[in-house]
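**Student:** quick one: sequence plus predicted model below, questions after.
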Amino acid sequence: MMRNSIAFILGVTYLVSVGCSRKITESFEKFPKIKDEVLLYAVDSMSSQKYSYFYSKISTDYKDSTQNISFKTSIRVVADSAMNALITYASIPIINAVVTTDSMKLTNKRDKCYTLQSLNFIKESFGVAFSSKNVEELITGMPLGFDSSAKYYQEEDSRGYLLTSHRKKDIRKNERKDQKEVIQSFVLDSELKTLKETIIESPIDTAIVKIEYLTREFIDGINLPATVKISITTPRKEIQINMDYKKTRLNEVETIYFVIPEEYEECK
């Protein structure tokens with residue numbers, strides 16, 4: 001799925017151009033060499049972490065070319081099933097949204113309206129396409145769109161150990177293809193215990209997403225995000241999102257409520 005389209009947020013990230021994102025720093029710290037299969041196993045292990053329920057209250061700063069706003073979001077996830085986001089502004093609930101495996105439902109309390117859409121709505125709004133699984137991965141800090149059956153390569157990088165779906169020498173060839181492939185990159189720390197960054201480039205959409213997990217915390221044996229910086233660059237807009245997680249919990253049963261009041265009309 002990630003080979004044909006870019007997966008991503010409510011989600012999100014890269015404020016540098018494609019050319020800059022591929023530029024190799026002339027001098028950088030060299031990490032001890034490790035075998036490709038060791039790095040691949042580390043990313044696969046992170047991707048395979050299991051949980052049943054997730055909750056966090058996230059303070060969010062959102063900025064694009066037309067607006068700069070801050071709000072709080074209560075996130076509830078039932079793994080592999082549904083995610084609920086309740087957005088409050090000035091302590092008042094404004095938006096209630098539910099993302100399932102094939103749809104997105106939303107109520108807008110301020111405008112007293114609702115939206116029922118397929119997940120294509122996210123691509124139409126942000127310029128990038130997401131599956132519900134991809135949204136879960138982003139929120140819980142797991143490798144976004146990682147496919148254990150696909151081919152990945154290790155490349156030198158100043159930020160840490162870099163595992164990527166395309167060698168640097170193959171990127172230009174990819175640009176010339178009629179069906180351009182999505183480029184995935186995962187950056188791990190020196191001990192191979194923490195996913196520091198996920199970078200996804202979709203040449204066909206001319207979109208770049210960068211997710212930086214700045215700090216993390218261990219909960220029930222899983223290394224979850226604490227602060228996250230997300231950037232998205234598309235032909236339509238540039239987006240920056242900063243997220244600060246509080247009161248995160250795992251594997252406590254979360255109930256998702258979604259009701260459309262009778263007086264609400266479809267959002268225009």
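**Tutor:** Yep, that arrived. Numbers count the residues shown, from 1 in each chain.
**Student:** all helices of the stretch 1-150 of the chain, in order?
**Tutor:** 18-21, 36-47, 120-126, 132-140 (DSSP state H, counting those that start in this stretch).
**Student:** of the ones you listed, which shows the lowest average pLDDT?
**Tutor:** For the helices of the stretch 1-150 of the chain, mean pLDDT drops lowest on helix 18-21, to a mean of 31.
**Student:** tell me if I'm right that residue 264 and residue 116 touch.
**Tutor:** No: with contact defined as CB atoms under 8 Å, residue 264 does not count as touching residue 116 (11.2 Å). In this view, the C-beta of every residue, glycine as well, is placed from N, C-alpha and C.
**Student:** between the two, which one's more packed in?
**Tutor:** Under the criterion of other CB atoms under 10 Å, the comparison of residue 264 against residue 116 puts residue 264 first, with 15 against 12.
**Student:** which residues touch the more buried one?
**Tutor:** Counting by CB atoms under 8 Å, 6 or more residues apart in numbering, residue 264 touches 107, 112, 113, 114.
**Student:** how far away is it from residue 103?
**Tutor:** 17 Å (CB to CB, to the nearest Å).
**Student:** over to residue 115?
**Tutor:** Distance from residue 115 to residue 103, by CB to CB: 10 Å.
**Student:** next one: residue 236
**Tutor:** Applying CB to CB to residue 236 and residue 103 gives a distance of 23 Å.
**Student:** isn't residue 204 right next to residue 235, touching?
**Tutor:** No: judged on CB under 8 Å, residue 204 makes no contact with residue 235 at a distance of 11.6 Å.
**Student:** more crowded one of the two?
**Tutor:** Higher neighbour count among residue 204 and residue 235: residue 204, with 14 against 8, using other CB under 10 Å.
**Student:** check whether that one sits in a helix, strand or coil.
**Tutor:** Look at residue 204: counting by DSSP: H, G, I helix; E, B strand; the rest coil, its state is coil.
**Student:** so what does it look like in phi/psi?
**Tutor:** phi -70, psi -30 (degrees, to the nearest 10).
**Student:** how near is the closest residue to it other than its chain neighbours to residue 166?
**Tutor:** The shortest distance from residue 204 to any non-neighbouring residue, by CB to CB, 6 or more residues apart in numbering, is to residue 180 (4.6 Å). Distance, residue 180 to residue 166, by CB to CB: 11 Å.
**Student:** residue 139 too?
**Tutor:** Taking CB to CB, one finds residue 139 at 26 Å from residue 166.
**Student:** who's more crowded, these two?
**Tutor:** A direct count of neighbours by other CB under 10 Å for residue 139 and residue 166 places residue 139 higher, at 24 against 20.
**Student:** excluding chain neighbours, what is closest to the more buried one?
**Tutor:** Nearest to residue 139 is residue 75, by CB to CB, 6+ apart, at 6.0 Å.
**Student:** what about the one you found, how many residues nearby?
**Tutor:** Neighbour tally, residue 75, other CB under 10 Å: 23.
**Student:** now do residue 67
**Tutor:** 7.
**Student:** what's residue 143 sitting at in phi/psi?
**Tutor:** phi -60, psi 120.
**Student:** that one: what's it in contact with?
**Tutor:** So residue 143 contacts 43, 46, 47, 137, 186, 195, 198 (CB under 8 Å, 6+ apart).
**Student:** apply 6 Å and report the result again.
**Tutor:** 43, 46, 47, 186 (CB atoms under 6 Å, 6 or more residues apart in numbering).
**Student:** any idea of the mean pLDDT in stretch 164-174?
**Tutor:** 73.
**Student:** which non-adjacent residue is nearest residue 187?
**Tutor:** residue 197 (4.0 Å).
**Student:** any idea how far residue 240 is from that neighbour?
**Tutor:** 15 Å.
**Student:** distance of residue 165 from residue 253?
**Tutor:** Distance from residue 165 to residue 253, by CB to CB: 36 Å.
**Student:** which one's more surrounded, the two?
**Tutor:** Per other CB under 10 Å, whichever of residue 165 and residue 253 has more neighbours is residue 165, with 23 against 8.
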